[in-house]
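1. this is the structure alone, sequence omitted:
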């Protein structure tokens, strides 16, 4: 798994949130350089989202969710023509205020998923009338991004983990 077909970062992916655009401008993205190996040998990165800015956007624009979409490229060095599949799994979720996390979409079957892997982490905010409550500081969700290639019944899987922290 890498951020692109060549060069860029190996054992990494990119990730964006759908509220990065104007007028919302919520920071929170990965370009691949943030990944490192943890004690278990897993490539991991942290994506921080400012909870106060998110709450302000949610309240002022009636936004009731944020989607975080990983993207990447599955490099294939062997011969033959494998099939590819991307998947996203929630490893753990610690959200307060009754917010929930889920996976939405369908995983891409393309080797090149640099525009998005087809699935997103969705964090749904609590709404009560006109009141919207987004995650609080200290909340987090861990997702595993998996990319698999299959050739002649042999499956090879690459995995990275992203911790989405609300700070």
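-> Ah, there it is. As the structure is a prediction and not an experimental result, all values here were calculated from the model. Numbers count the residues shown, from 1 in each chain.

2. can you show me the helices along this protein?
-> 51-61 (DSSP state H).

3. any idea how far residue 28 is from the nearest residue to residue 148 once chain neighbours are set aside?
-> Excluding its sequence neighbours, the residue lying closest to residue 148 (CB to CB, 6 or more residues apart in numbering) is residue 157, at 4.5 Å. In short, each C-beta sits where N, CA and C put it, glycine included. The gap separating residue 157 from residue 28 is 26 Å, by CB to CB, to the nearest Å.

4. hmm, who's touching stretch 15-33?
-> By CB atoms under 8 Å, 6 or more residues apart in numbering, the surrounding residues in contact with stretch 15-33 are 2-3, 8-9, 12-14, 45, 47-50, 53-54, 57, 61, 63, 66-71, 120, 162, 164.

5. got the end-to-end distance for that stretch?
-> End-to-end span of stretch 15-33 (CA to CA, to the nearest Å): 11 Å.

6. again, but for stretch 107-121
-> Stretch 107-121 has an end-to-end distance of 12 Å (CA to CA).

7. show me which residues of it are buried.
-> Neighbour-count burial for stretch 107-121 flags 107-108, 111, 113-114, 116-121 (criterion: 16 or more other CB atoms under 10 Å).

8. cross those residues against strands and list the overlap.
-> 113, 119-121 (DSSP state E).

9. can you list those in a markdown table and add distance to residue 146?
-> Shown next, in a markdown table, are these (distance: CB to CB, whole Å):
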| residue | distance to residue 146 |
| --- | --- |
| 113 | 12 |
| 119 | 10 |
| 120 | 14 |
| 121 | 13 |
